[in-house]
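**Student:** Next come a sequence and a model predicted from it.
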Amino acid sequence: MDLAKIEQLVDLVTRSSITELDLTQDGTRIRILKRVSAGASAVPAPPASVISVETPALNHQASPAAEAVTDIVVPAPMHGIFYRAAAPDEPPLVEVGARIEAGQKICIIEAMKTFIDIAAEAPGVVLAVLAENGEEIAAGQALFRIGPAGSS
């Protein structure tokens, strides 16, 4: 299953009342969970989607832990313009391969002439930046793929 299909599934879960989606296709299992916050705030926090992808082991000697990979896809909390840096002349806030901490600012979204900082909800390693700097994004669109702190 390709990344575009996974992004579509994450978008489906984000936009719907579904809190969990479990799908198996061609021996690959994908599980998407939506975290539901208990309290309401003025600016909703981005709903984190946890994706678990399991594929059959290529080597039967591999440990069970090596067979399952859990990544977090960070979706856009709102429609706006995606920025990787705090200012045009500054470096990106995070790069692929960077280790990040929970609460660390990873991007900025401009919506209605307001700049909103988006922070990581969990520590890990940035595996992919899924949106282009300066481009318009939709609410729920996947922005980053974050792996466990031990991955690279």
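**Tutor:** Nice, I can see it. Predicted model only: the values in this text are computed from it and were never measured.
**Student:** mind listing what's buried in the helix or strand where Phe82 lies?
**Tutor:** In this structure, Phe82 sits in strand 80-83 according to DSSP states H and E. Of the residues in strand 80-83, those with enough neighbours to count as buried (16 or more other Cβ atoms under 10 Å) are Gly80, Phe82, Tyr83. All C-beta spots, glycine's among them, are computed from the backbone N, C-alpha and C.
**Student:** Show me what the second one bridges to in the sheet.
**Tutor:** I take that to be Phe82. Beta bridges link Phe82 to Ile109 when assigned by DSSP bridges.
**Student:** Quick check: it touching Ala131?
**Tutor:** Yes - counting by Cβ atoms under 8 Å, Ala131 is a contact partner of Phe82 at 4.6 Å.
**Student:** mind checking how far Arg29 is from Leu12?
**Tutor:** Between Arg29 and Leu12 the distance, using Cβ to Cβ, to the nearest Å, works out to 17 Å.
**Student:** Oh, that last question was meant for Tyr83, not what I typed.
**Tutor:** When distances are taken as Cβ to Cβ, Tyr83 and Leu12 turn out to be 26 Å apart.
**Student:** which residues of this protein score low on pLDDT?
**Tutor:** Applying pLDDT under 70 to the predicted model, the residue ranges of the chain that meet it are 1-3, 18, 27, 35-69, 150-152.
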